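Student: Task: produce atomic coordinates for the following.
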Amino acid sequence: MAAARVGRALHASSLSPSTLVVSRVQLHLRPPYPRHLLLPNYHTCRAAPPSRYRPPSRRVRCAMSGATGNPYAAELAAAKKAVALAARLCQAVQKDIVQSGVQSKADKSPVTVADYGSQILVSLVLKMESPVSSTFSLVAEEDSEELRKEGAEEILENITELVNETIADDGSYSIYFSKEGILSAIDDGKSEGGSSGRHWVLDPIDGTKGFLRGEQYAIALALLDEGKVVLGVLACPNLPLGSIGNLNGGSSGDQVGALFSATIGCGAEVESLQGSPPQKISVCSIDNPVNASFFESYEGAHSMHDLTGSIAEVCESYIGNLVFECWQKLGVQAPPVRIDSQAKYGALARGDGAIYLRFPHTGYREKIWDHAAGSIVVTEAGGIVTDASGNDLDFSKGRFLDLDTGIIATNKQLMPSLLKAVQEAIKEKNQAASPL
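Tutor: This is a model prediction of the structure:
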């Protein structure tokens, strides 16, 4: 059992940064915790950036892989460690998904045991690796409401067991969660974010239906500083480390599992989830829309395929819709590459495709965790991410994005013509739909 392997572990009945429970004695401590209360393999964060640091200019150059020149080096290291540990749990669960580990959410995406477990592990690592002076704030997708209801005992038991086993197998932290500690850790993600201070933003499993199908998903983590995204990491366990080679998101390469990362002003990188030297990445340099391949969301709830279908599909069934008109104006000939999750942002950032369009159904509100990490990975790789009006995405308003119509991501060469085509297509579509 996980508890036996942990040995003299700390019982995290409440994973507050200031409270741990050892047996029945409550200790009020600030991380890093005294070493005599922890196993020898516990590691503390060594770098603490100034608490009121202002994000640097995008023109500032820094070394992505070292602390020199990167004001968020400690946070980047913690973020990578957090999503990698969460990915380990997710990969284990994906191999053995059972019906009791699936629930329904209001937005029709399933929640799995891995969803909760991933959020708990990310929260744990961020807290344990955070500088002593930092205040912890996490804006995350899940809360414990469903798990506190009658009949959820088995799911809660599964989550508790999986989390403790993953922590024990990893060996970095000597912590053991009780069930109440699990619930409390999940609710650490209830922050509303905003324009003041620092806030971590997490989607514990972005693309949950892709996860359940054994296809693409991502653990997406970003850091907001004074309302601006300054750091992002994407763990994509099923995405090939090499370039995608076909329309189903596959690759001719053998190595699978990519970790994308970006810090403001420092560029973007990709490395293996299993560990490899980071490699700089950049968006493609295509400047002719005819040659541009494009990504879109797989799930119908997140993207209107009748608006973003290929030319052939649209000609058969949906003549006159928005993106058909857009593609017609641009002369785009390639069919879409449909991939679940923010893995699309990572693939776009390394040049696997040229355009990502997302046009949700009317009434769907975009959440900040669906785009925060992915957008900075693309922009730091030299791309541009805007709404349909050409405005930058604003992550400072809380848990939701207030934007115009949809999201467009591409390179700097294609953006002017793409944005013009989208806006013209929207105008024509609205005119055609008007009863006047």
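Student: Show me the beta-bridge partners of the closest residue to K344 other than its chain neighbours.
Tutor: Nearest non-adjacent residue to K344, counting by Cβ to Cβ, 6 or more residues apart in numbering: F295, 4.3 Å away. In this view, the C-beta of every residue, glycine as well, is placed from N, C-alpha and C. Note on F295: beta-bridge partners by DSSP bridges are V337, Y356.
Student: could we number from 693 for the rest of this?
Tutor: In the new count, where the first residue is 693, that last one comes out as F987.
Student: Can you name the residues that contact F987?
Tutor: Counting by Cβ atoms under 8 Å, 6 or more residues apart in numbering, F987 makes contact with 1028-1031, 1036, 1039-1040, 1045, 1047-1049.
Student: Which PyMOL command selects the buried ones in the residues you listed?
Tutor: Buried members of the contacts of F987, defined by 16 or more other Cβ atoms under 10 Å, are picked up in PyMOL with:
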select buried, resi 1028+1029+1030+1031+1036+1039+1040+1045+1047+1048+1049
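Student: Switch the contacts of F987 over to JSON lines; also include pLDDT and distance to A877.
Tutor: Shown next, in JSON lines, are the contacts of F987 (pLDDT from 0 to 100; distance: Cβ to Cβ, whole Å):
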{"residue": "P1028", "pLDDT": "72", "distance to A877": "38"}
{"residue": "V1029", "pLDDT": "77", "distance to A877": "36"}
{"residue": "R1030", "pLDDT": "78", "distance to A877": "34"}
{"residue": "I1031", "pLDDT": "86", "distance to A877": "30"}
{"residue": "K1036", "pLDDT": "95", "distance to A877": "29"}
{"residue": "A1039", "pLDDT": "96", "distance to A877": "31"}
{"residue": "L1040", "pLDDT": "96", "distance to A877": "33"}
{"residue": "G1045", "pLDDT": "91", "distance to A877": "37"}
{"residue": "I1047", "pLDDT": "92", "distance to A877": "39"}
{"residue": "Y1048", "pLDDT": "91", "distance to A877": "33"}
{"residue": "L1049", "pLDDT": "86", "distance to A877": "36"}
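Student: so which of the contacts of F987 comes closest to Q908?
Tutor: Q908 lies nearest to I1031 out of the contacts of F987, by Cβ to Cβ, at 5.0 Å.
Student: My guess is the closest one contacts L1040. True?
Tutor: No - using Cβ atoms under 8 Å, I1031 makes no contact with L1040, being 10.0 Å away.
Student: separation between the residue nearest to K1036 and A784?
Tutor: Counting by Cβ to Cβ, to the nearest Å, the separation of F987 from A784 is 28 Å.
Student: Name the helix or strand of this structure that has the lowest mean pLDDT.
Tutor: Lowest by mean pLDDT, DSSP states H and E among the helices and strands of the chain is strand 717-720, with a mean of 28.
Student: In three-state terms, label L875 for me.
Tutor: helix (DSSP: H, G, I helix; E, B strand; the rest coil).
Student: Please state the offset of stretch 1113-1126 from the chain centre?
Tutor: 32 Å (Cα atoms, centre = their mean, to the nearest Å).
Student: In it, which residues are buried?
Tutor: By 16+ other Cβ under 10 Å, the buried positions in stretch 1113-1126 come out as 1113-1115, 1117-1118, 1121.
Student: Please apply the same query to stretch 830-841.
Tutor: Neighbour counts over stretch 830-841 (16+ other Cβ under 10 Å) mark 830-836, 838-839 as buried.
Student: Name the nearest of these relative to T852.
Tutor: For the buried residues of stretch 830-841, the minimum distance to T852 (Cβ to Cβ) is 10.2 Å, reached by L839.
Student: Got the confidence number for the closest one?
Tutor: You'll see L839 listed with a pLDDT of 94.
Student: With the one 10 residues further on instead?
Tutor: If you check E849, the pLDDT there is 94.
Student: Skipping adjacent residues, who's closest to it in space?
Tutor: Nearest non-adjacent residue to E849, counting by Cβ to Cβ, 6+ apart: K871, 7.3 Å away.
Student: That neighbour - how many residues pack around it?
Tutor: K871 has 14 neighbouring residues, counting by other Cβ atoms under 10 Å.
Student: where do the helices sit along this structure?
Tutor: Using DSSP state H, the helices found in the chain span residues 694-698, 765-786, 805-821, 845-862, 871-878, 900-905, 997-1000, 1003-1009, 1014-1022, 1035-1041, 1064-1072, 1107-1125.
Student: quick one: S870 from P896, how far?
Tutor: According to Cβ to Cβ, S870 and P896 sit 20 Å apart.
Student: so where is this protein shaky, pLDDT-wise?
Tutor: 693-760, 789-803, 824-826, 937-946, 988-1017, 1126-1128 (pLDDT under 70).
Student: how's it carved up into domains?
Tutor: 764-972, 981-1125 (the TED database).
Student: for the buried residues of stretch 830-841, which one is nearest A771?
Tutor: L830 (11.9 Å).
Student: For that closest one, list the residues it contacts.
Tutor: For L830, the contacting residues are 815, 818, 880-881, 883, 891-894, by Cβ under 8 Å, 6+ apart.
Student: tell me which residues form a beta bridge with it?
Tutor: Taking DSSP bridges as the rule, L830 bridges to W892.
Student: Contact partners for the nearest residue to I973 once chain neighbours are set aside?
Tutor: Nearest residue to I973 in three dimensions, chain neighbours excluded: R1042, at 4.1 Å (Cβ to Cβ, 6+ apart). By Cβ under 8 Å, 6+ apart, the contact list for R1042 reads 935, 952, 962, 973-975, 1073.
Student: show me where the stretch 843-992 of the chain has strands.
Tutor: Counting by DSSP state E, counting those that start in this stretch, the stretch 843-992 of the chain has strands at residues 867-868, 890-898, 910-917, 920-932, 948-955, 960-964, 971-973, 986-988.
Student: Report the distance from the shortest one to the chain centre.
Tutor: Okay, so that is strand 867-868. Its chain's C-alpha centre and that of strand 867-868 lie 25 Å apart, by Cα atoms, centre = their mean.
Student: And it, what does it pack against?
Tutor: Using 3 or more Cβ pairs under 8 Å, 6 or more residues apart in numbering; DSSP states H and E, the elements in contact with strand 867-868 are helix 694-698, strand 702-708, helix 845-862.
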